[in-house]
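Participant: Sharing a model prediction with you, sequence too.
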Amino acid sequence: MKYLIVGLGNIGSEYEKTRHNIGFMVVDEFAKAEKVSFQTARLGSIAQVKHKGRTLILLKPSTFMNLSGKAYQYWLKKEGIEIENSLIIVDDIDLEVGSLRLKARGGGGSHNGLNDIIDVLNTDSFPRLRFGIGKNYSIGRQVDYVLGEFTSDDLALVNPKIIEAISIVKSMATIGIERTMNLFNKK
């Protein structure tokens, strides 16, 4: 059984450590922990992880955040993966820094990456792991905030949650999204 795990973010060193790239950070840490590396491929970089008889394809789209749907759709089709066997890992300003929420479906809100996926796939029924980055910014400064780097205080909260996010990915691939939501969304 195959799963597509998509960390959303923007390519380029100037975005590498920004809040908006938390999806990239999670899949990067997952690949590092499993001692696999990303290879450049069509519309992104991919790595493969084996976990309990399953193949998890980690994807970092190269399409930039606002065009994430194109890469997601391409890799779902290329690998023959059903949408319910995928997971989008995305930053969320509406959650406190370090909060994690797994959802089977939902709107995109103000997140351009999620909204593009919804537009391209013509559905909001895809699993996503929302990773809280908070909203500690002044009116009109949202873009600067999400494209800014985490503070050292934030990183103290975020780094352990990256490890928890990897556990959520593994759990979802092993026992399914409903049971995983019951386990992790209560924390």
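Facilitator: Cool, the structure landed. Numbers count the residues shown, from 1 in each chain.

Participant: Give me the phi and psi for residue 33.
Facilitator: With angles defined as degrees, to the nearest 10, residue 33 sits at phi -60, psi -30.

Participant: Now do the contacts for residue 7.
Facilitator: By Cβ atoms under 8 Å, 6 or more residues apart in numbering, the contact set of residue 7 is 22-28, 58-60, 89. (Glycine included, C-beta is placed from N, CA and C.)

Participant: measure it to residue 87 for me?
Facilitator: As judged by Cβ to Cβ, to the nearest Å, residue 7 and residue 87 stand 9 Å apart.

Participant: Quick check: mean pLDDT of the helix or strand that residue 4 is a member of?
Facilitator: For residue 4, the enclosing helix or strand under DSSP states H and E is strand 2-7. Across strand 2-7, the average pLDDT comes to 98.

Participant: List the neighbouring strands of it plus their orientation.
Facilitator: Paired neighbours of strand 2-7 in the sheet (DSSP bridges): strand 54-61 (parallel), strand 86-92 (parallel).

Participant: In the longest one, which residues are buried?
Facilitator: By that I understand strand 54-61. Buried residues in strand 54-61, counted by 16 or more other Cβ atoms under 10 Å: 56-61.

Participant: just stretch 71-82 next, same as before
Facilitator: The neighbour-count check on stretch 71-82 (16+ other Cβ under 10 Å) flags 71-72, 74-76, 79, 81 as buried.
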